[in-house]
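Engineer: pasting the structure only:
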């Protein structure tokens, strides 16, 4: 019995790492860094909103690294979902009319590569669509940051903090304003 338990534990040690979720690849990290640079922007308002959203240490200066880490995981998930959804879309299309499917996507002499061509094309379309949504959300946050900065300048810092702040010292006012304004847009 002890040998069986030891053998099972040894086998589990080899199986678990293989089934654990994969990490984002270099392409995911590169795309994530590009998205974070875009969202961070170049104005003081967008940079402040960026630090408020992603920064976790006291001075919020670790925001870019935290953003890239979070976005890389999102990019990996989007890539996997795009492929999974693409395969199902192609199966449905092939089931509807196999002959038309083969001639539409197949490129070799007997059209045997139609399914693979379909999946890769649909996966790219799905990933591009997800990336476009990410870009639109980042643009909304940048626009919201600019609006909140203008509102803070018009009201004054203390009135702005009273209006939007939710914690006891009201220091989260700018981030709350940006979040609320971007969701409303």
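Structural biologist: Perfect, I can see it now. For clarity, every value in this text was computed on a predicted model and none was experimentally measured. Residues are numbered from 1 along each chain as shown.
Engineer: low-scoring stretches of the protein, by residue?
Structural biologist: In the prediction, the chain carries residues with pLDDT under 70 at positions 1-22.
Engineer: all helices for it, in order.
Structural biologist: Counting by DSSP state H, the segments of the chain that form helices are 2-19, 26-40, 44-54, 63-96, 98-105, 114-155, 157-164, 173-184.
Engineer: a markdown table for these, including mean neighbour count?
Structural biologist: Any C-beta I mention is one placed from the backbone N, CA and C, and that applies to glycine too. As requested, the helices of the chain are arranged in a markdown table below (neighbours: other Cβ atoms under 10 Å):
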| stretch | mean neighbour count |
| --- | --- |
| helix 2-19 | 8 |
| helix 26-40 | 18 |
| helix 44-54 | 20 |
| helix 63-96 | 17 |
| helix 98-105 | 14 |
| helix 114-155 | 17 |
| helix 157-164 | 15 |
| helix 173-184 | 19 |
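Engineer: how close does residue 52 get to residue 109?
Structural biologist: 59 Å (Cβ to Cβ, to the nearest Å).
Engineer: swap in residue 100?
Structural biologist: Residue 100 sits 18 Å away from residue 109, going by Cβ to Cβ.
Engineer: With residue 153 instead?
Structural biologist: Following Cβ to Cβ, the distance that separates residue 153 from residue 109 is 68 Å.
Engineer: Can you name the residues that contact the residue nearest the centre of the chain?
Structural biologist: If you average the C-alpha coordinates of the chain and look for the closest C-alpha using Cα atoms, centre = their mean, you land on residue 74, 3.2 Å from that point. Residue 74 makes contacts with 32, 134, as judged by Cβ atoms under 8 Å, 6 or more residues apart in numbering.
Engineer: my read: residue 25 touches residue 80, true?
Structural biologist: No - counting by Cβ atoms under 8 Å, residue 25 sits too far from residue 80 to count as a contact (11.0 Å).
Engineer: Please tell me how far the residue lying closest to residue 104 once chain neighbours are set aside sits from residue 95.
Structural biologist: Using Cβ to Cβ, 6 or more residues apart in numbering and skipping residues adjacent in sequence, the residue nearest residue 104 is residue 114, 7.4 Å away. Here the criterion is Cβ to Cβ. By it, residue 114 lies 13 Å from residue 95.
Engineer: Might one say that residue 64 is in contact with residue 40?
Structural biologist: Yes - Residue 64 sits in contact with residue 40 when judged by Cβ under 8 Å, with a separation of 6.8 Å.
Engineer: Can you check which residues contact both of those two?
Structural biologist: With contacts taken as Cβ under 8 Å, 6+ apart, the residues that reach both residue 64 and residue 40 are residue 50.
Engineer: Which residues lie in contact with residue 26 in this structure?
Structural biologist: Residue 26 touches nothing, counting by Cβ under 8 Å, 6+ apart.
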